[in-house]
Structures are given as C-alpha cells and as structure tokens.
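> Make a model of this:
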Amino acid sequence: MSEAEELLSTPAEWDLPPERHRHFKDVLMQQIDHDTAVTPRRSRFLRPAVLVPLASAALTGALLVTLSVDGGGPATERAPSATTAGASVTLNRIATAAMASDTVRVRDDQFVYVRTLVRENTGTFTGPVRLGALHTEERWTSQDPCPLRVTGWIRASGKDAIMPDQMIPIESPDPRPAGVDHPTYRWLASLPTEPDALLARLRKEARPVEGESRDQAVFSLIGDLIGGTIMPPANAAAFYKAAAKLPGVREIPDAVDAAGRHGIAITLDDTGFATRDEWIFDKETLALLGSRFYINDPDRGITTETLAGTSAVMETAVVGGKGEVPARAAAR
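Just a heads-up that it's a prediction; the model follows:
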C-alpha cells in the first residue's frame, strides 16, 4: 500500500468542508494519481472540495513536502512589501464597491457558473511541488437548498488538467444542507450584514485544523465564499468589512493573478501556520481578480515563501443547469 493510500485508510477525525484546505488535498490526490495511475475525483485550488475523509495527520504531513517550481530548484520569492494600516481602509473600499455592484438574483433551480484559469501542483505527496501549465476550469454549483450529496460539477481543459473535458461531480459522503459546505445564494442572503455579527457567525462556522488559528480559518472561509459564489451586494460588502476586523490582515500593493493581471492583494499572516493565502483585487474597479497560495515552513526546511498555487476568476454567471455555459464563454 502506498503512503497516500495509507493516509486515506486512516480513520478520519473529521471531514473537511468544501473549499477548505484544498491545497493539502491536492497534494494528497496527486500522490494517488502517481501511485495508482487512476485519477480520482479531487479538490482544486479555489474550488469546492470533493470531500475526502482525512485524518489530521494527513494534513500536517502535507507540510513535509519539499517545494520547487518547474524542476528548477527551490521556488522562492522575496517577502512582499506590505502595509497593515492600509488593509482595513482598502477592504472597506472594496466593500463600498461591492455594495454598489449590480444585484444578480439566483433562483433555487439554477446553478452558479465560475470559469477560472489555474496553475497548481502536479508533483507528488512526498516529492517537490511543481506548478503545472495554466489551464481552464469550469464549475457549476447547485443552488438547491435541500441537503445534497452532489453539490456541483467541475470540468477542466488544457494541459495538466485532470480528467480533461469530463464532468466531475463535487460530492460528499453524506447529504450537505445549505451552509458553508453547500453555500447557496439563499443561504448567503440569510447571513448577517452587520460586520461584527457576521464575524461572530463565521467564527462559529470556521473549523481550524491543527496549528491554525481561528482567525486564519475565518479568513480562508471568507476567501472561499467570495471566490466561488454569487451573493447579494450587501452580503458581499459585509464579508469584506468582517475581514477588515481580523487581526493581522494586511495589504500587498502589487500582486499578480494566474492571468498575469496586476492588482492589490489582501492577506493574513498566521505565524503559527505554514500557509498564506492572498486575495487579489483590481486596483481601479476593486473587483476580485483571483488568488495565490504560499507555503513557508522553516521547521520543514522551507525557509522562504514558495508559491504553491494561483488562480484567476475569468467569468461568473448564473445558468440553468450543469454543463450550460454563458454565451460569452461559449463563444470563446
């Protein structure tokens, strides 16, 4: 039995909700890909996760990986320049822009469609991370408020895409009601729009993993929700205002998404945790562009931040069913 298969056979202490810690599961699933030559359903960077029971040992074990990019030695970057004082101001500006955006209502019988460009790890669980080729992923998230085992579908295309051009279900072992594991428009619209009340709710909903602070878990949860859903403008604004209240949130003046677009990034440092996410926004419109994910773990020999994944949101729309694409996407 391979190392990855042994990890999957370990009884789970808890299941990860969709969208949470997809990077760890990506690494694990890549090892299974190489060991078994059978590609399973897997989670994606900035995507709802296919729920795979994982023990906390599997998660912490993911940090044992020695990281490099494209086989050219350690992939390091100088720590980005950042400001902490400006993060709250910027997030409140982003909230104001979100509040002024057009209202898009989503019915229970519809799907939220998101098309992204991604580069992600194609290495193995025990070997170096290697960022693969830029490719396209499309996702359809069901808005049905009933408990569902299959909450959506993913289709990838291009070099280094997993199971290219196939519709892959996003599913969990048990039906998931509307909530953080199944974020529908109706559920998002029901959340508090007062930032303190929303932050209190998110602190209850977030599930930190070993070594992760609750604030970091909340930041990751907010990033998952703003990056893959459609919600009323007032709720979107509330998420950004809630994020502004998290201790340690900071601004990075220049960051680049997977499509090469420059923007302002918002991140949160958790000195007790080995990973860091960035949300990237357009400098003028303040619209969400994409995200980046880094690992920095000196205890594991990773002494400088290493890029482990990047994405760019290219289109978000409402469609009538799985597999259906907006006219603009279909024309490309």
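> so where's this protein shaky on pLDDT?
Within the chain, the stretches with pLDDT under 70 are 1-85, 123-129, 271-272, 297-302, 328-332.
> quick one, strands of it?
Taking DSSP state E to define them, one finds strands in the chain at 111-120, 135-142, 148-157, 168-176, 249-256, 262-268, 275-281, 288-297, 302-319.
> got TSV for those, with mean neighbour count too?
Quick note: C-beta positions are derived from backbone N, CA and C, even for glycine. Formatted as TSV, the strands of the chain follow (neighbours: other C-beta atoms under 10 Å):
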stretch	mean neighbour count
strand 111-120	24
strand 135-142	22
strand 148-157	19
strand 168-176	17
strand 249-256	18
strand 262-268	23
strand 275-281	23
strand 288-297	23
strand 302-319	19
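> what would the ones you listed look like in a markdown table with distance to A217?
Shown next, in a markdown table, are the strands of the chain (distance: least, C-beta to C-beta, whole Å):
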| stretch | distance to A217 |
| --- | --- |
| strand 111-120 | 22 |
| strand 135-142 | 21 |
| strand 148-157 | 21 |
| strand 168-176 | 18 |
| strand 249-256 | 14 |
| strand 262-268 | 10 |
| strand 275-281 | 11 |
| strand 288-297 | 15 |
| strand 302-319 | 18 |
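> closest to L188 out of these?
Nearest to L188, of all the strands of the chain, is strand 111-120, at 10.3 Å by C-beta to C-beta.
> Give me the angle between the closest one and strand 148-157.
On the basis of axes from the mean of the first three to the mean of the last three C-alpha atoms, to 10 degrees, strand 111-120 is oriented at 50 degrees to strand 148-157.
> Sheet partners, orientation included, of strand 111-120?
strand 135-142 (antiparallel), strand 302-319 (antiparallel) (DSSP bridges).
> Can you tell me which of the strands of the chain is nearest to I222?
strand 275-281 (8.5 Å).
> partners of that closest one in the sheet?
Here strand 275-281 has these sheet partners by DSSP bridges: strand 262-268 (antiparallel), strand 288-297 (antiparallel).
> sorry, back to before: closest to E212 out of the strands paired with strand 111-120?
Among the strands paired with strand 111-120, strand 302-319 comes nearest to E212, with 15.9 Å by C-beta to C-beta.
> ok, P195 touching K245?
Yes. P195 lies in contact with K245 (C-beta atoms under 8 Å); the separation is 6.2 Å.
> Comparing the two, which residue is more hemmed in?
With neighbours defined as other C-beta atoms under 10 Å, P195 and K245 compare such that P195 has more, 19 against 15.
> and that one, what is it in contact with?
Shown in contact with P195 (C-beta atoms under 8 Å, 6 or more residues apart in numbering): 238, 241-242, 244-245.
> Please list all residues in contact with T285.
Taking C-beta under 8 Å, 6+ apart as the criterion, T285 is in contact with A97.
> let's see it at 10 Å
Listed by C-beta atoms under 10 Å, 6 or more residues apart in numbering, the contact partners of T285 are 94, 97, 101, 263.
> Ramachandran angles for it?
Main-chain dihedrals, T285, degrees, to the nearest 10: phi -80, psi -20.
> that older thread, now render the contacts of P195 as TSV, adding distance to I154.
Listed next are those as TSV, based on distance: C-beta to C-beta, whole Å:
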residue	distance to I154
A238	28
K241	31
A242	28
A244	31
K245	33
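> Tell me how far the nearest residue to L199 once chain neighbours are set aside lies from I226.
Distances taken as C-beta to C-beta, 6 or more residues apart in numbering place A242 nearest to L199, at 4.3 Å, with adjacent residues excluded. Separation of A242 from I226 (C-beta to C-beta, to the nearest Å): 11 Å.
> the more surrounded of the two?
Ranked by neighbour count (other C-beta under 10 Å), A242 and I226 place A242 first, with 27 against 20.
> Can you say which of the strands paired with strand 111-120 is nearest to E210?
With C-beta to C-beta as the measure, strand 302-319 is the member of the strands paired with strand 111-120 nearest E210 (17.6 Å).
> picking up where we left off before, can you lay out the strands paired with strand 111-120 as CSV showing distance to Y185?
Shown next, in CSV, are the strands paired with strand 111-120 (distance: least, C-beta to C-beta, whole Å):
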stretch, distance to Y185
strand 135-142, 10
strand 302-319, 9
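> Minimum distance to K283: which of these has it?
Nearest to K283 among these is strand 302-319 (15.0 Å), distances taken as C-beta to C-beta.
> Identify, from the contacts of P195, the entry nearest to A200.
A242 (9.2 Å).
> Roughly how far does the closest one sit from A236?
Noted for A242: a distance of 11 Å to A236, by C-beta to C-beta.
> In contact with D269, which residues are there?
Taking C-beta under 10 Å, 6+ apart, we find D269 in contact with 82, 84, 216, 219, 247-250, 276, 296.
> Excluding covalently adjacent residues, which one is nearest to Q166?
Distances taken as C-beta to C-beta, 6+ apart place R155 nearest to Q166, at 6.7 Å, with adjacent residues excluded.
> A238 too?
According to C-beta to C-beta, 6+ apart, the nearest residue to A238 is T193 (4.4 Å).
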